[in-house]
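**Q** My questions are about this predicted structure, shown below with the sequence.
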Amino acid sequence: MKKKKIALLGSTGSIGTQALDVIRQHPDRFDAYVLTANNNVDLLAAQARQFRPDAVVIANEEKYDRLRDLLADMPVKVYAGAQALCEVVEAAPVDMVLAAMVGFSGLRPTVSAIRAGKAVALANKETLVVAGDVITRLAAESRVPVLPVDSEHSAIFQCIVGEGRNQIAKILLTASGGPFRSMSREQLSGVGSAEALCHPNWKMGAKITIDSATMMNKGFEMIEACWLFGVRPSDVEVVVHPESIVHSAVRFADGAVKAQLGLPDMRLPIQYALSFPERLPLEGNDGPDLFSLGRLTFERPDVDRFPCLQLAYDAAEQGGNVPCVMNAANEVANAAFREGRIAFPAIAEVIARAMQRVARVASPTLDDYFATDAEARSVAAEIMKQYLR
């Protein structure tokens with residue numbers, strides 16, 4: 001069997017390192033052909049020594065010399081910069097691009113991969129949040145699959161495989177509720193980034209962990225589900241499920257509900273995207289023990305305490321470039337909260353005001369999205385001055 005050559009965008013992050021563990025477990029199936037990172041040059045070099053890719057890319061051009069020196073004795077091509085990220089995914093031998101870069105930065109190389117006819121395993125949800133119309137159109141034109149890597153979207157995908165044209169009546173998108181699920185609005189006003197970064201179930205990067213705490217991450221996933229599965233925002237219902245065992249479910253026209261259950265282990269959806277339609281063994285994951293679980297609980301989300309979720313529904317209903325505005329403002333506010341510059345409730349307030357101030361474009365082009373992103377970041381930074389501690 002021909003090994004699948006993977007270009008891993010964001011190999012030093014949480015998804016990237018777990019993807020490399022999957023590749024390590026199946027050296028007969030997968031080859032880490034390209035590895036990229038934003039800043040973590042030392043870990044990228046260590047990964048290159050272990051997996052021996054054809055090429056590595058460090059997005060931060062200031063770190064190119066160090067990376068080149070660290071790999072001087074290795075037969076590995078070394079590149080740097082945003083343009084190099086776009087070019088390496090187009091390499092002829094690449095079979096699949098695992099897009100695991102954080103935030104808006106993942107959009108351009110994902111577009112390049114699709115235009116080059118590469119299958120995409122998508123872990124970068126912001127790509128579909130910001131430009132889902134462009135991505136889905138390009139994927140259809142290039143006739144390439146976009147396979148979900150998020151645990152929730154992988155679960156939905158697993159539920160509909162084999163269902164043919166059977167209509168989805170409702171997607172039940174599960175959410176852990178994050179570290180602040182049971183806190184009051186008064187308590188939330190005093191939480192800090194250290195508390196927000198202590199997710200009860202998942203080990204993730206800092207940005208996505210804060211998004212989980214605000215439930216903006218679940219809003220992103222709702223929008224992503226609309227593009228991946230061709231449904232409307234009203235067809236996606238968020239269900240708070242603290243145990244994180246049911247990763248999502250689908251209700252069909254006849255009332256039947258199919259759910260995918262598993263341990264909180266991102267390696268499973270990563271591996272499923274890489275190996276689809278096969279299921280391969282996964283070390284250290286025997287699945288949940290239903291007897292030891294005892295019970296599973298489900299709750300409605302509280303958008304009064306977590307308004308970011310409602311903002312995402314509002315953005316999805318308005319469409320156009322509004323989700324792009326929301327995402328850009330969130331990245332600015334999320335970073336400010338992590339740095340201790342604004343309070344937790346200010347994140348949603350900055351996003352809401354930015355969505356009101358940036359002009360809506362009904363049918364944006366890809367260039368419009370990049371312009372909107374830049375404008376929304378500037379507007380959010382200006383608004384945020386009123387919330388600085």
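**A** Received, thanks. If you're wondering where the values come from, they're calculated on a predicted model, not measured in any experiment. Numbers count the residues shown, from 1 in each chain.

**Q** contacting residues around the lowest-mean-pLDDT helix or strand in the chain?
**A** Across the helices and strands of the chain, mean confidence by mean pLDDT, DSSP states H and E is lowest for helix 193-196: a mean of 84. Contacts with helix 193-196, where a contact means C-beta atoms under 8 Å, 6 or more residues apart in numbering, come from 178-180, 209-210, 213, 337-340, 344. For glycine as for every other residue, the C-beta is placed from the backbone atoms N, C-alpha and C.

**Q** and those residues, which of them are in helices?
**A** Members of these lying in helices (criterion: DSSP state H): 209-210, 213, 337-338, 344.

**Q** burial count for Met355?
**A** 21 (other C-beta atoms under 10 Å).

**Q** and Leu8, what are its bridge partners?
**A** Leu35, Leu98 (DSSP bridges).

**Q** dump the residue contacts of it.
**A** 16, 19-20, 32, 34-36, 98, 100.

**Q** Mind doing that once more with 6 Å?
**A** 16, 19, 35, 98 (C-beta atoms under 6 Å, 6 or more residues apart in numbering).

**Q** pLDDT value on it, please?
**A** Listed pLDDT for Leu8 reads 98.

**Q** Relative to Met266, how far out is it?
**A** Per C-beta to C-beta, to the nearest Å, Leu8 is found 14 Å from Met266.

**Q** picking that back up, with respect to Asp289, which of the contacts of Leu8 is nearest?
**A** Using C-beta to C-beta, Ala19 comes nearest to Asp289 of the contacts of Leu8, at 26.1 Å.

**Q** how about the closest one, secondary structure?
**A** Put simply, Ala19 is helix when judged by DSSP: H, G, I helix; E, B strand; the rest coil.

**Q** Look up how far Glu126 lies from it.
**A** Ala19 is 18 Å from Glu126, by C-beta to C-beta.

**Q** Determine how far the last residue of stretch 45-58 lies from the first.
**A** Distance between the two ends of stretch 45-58: 10 Å, counting by C-alpha to C-alpha, to the nearest Å.

**Q** tell me the domain ranges of the protein?
**A** Domains of the chain are assigned by automatic domain parsing as 4-149, 319-389.

**Q** so who does the residue nearest to Arg300 when sequence neighbours are not counted touch?
**A** Excluding its sequence neighbours, the residue lying closest to Arg300 (C-beta to C-beta, 6 or more residues apart in numbering) is Val240, at 6.9 Å. By C-beta under 6 Å, 6+ apart, the residues touching Val240 are 175, 177, 299, 301.
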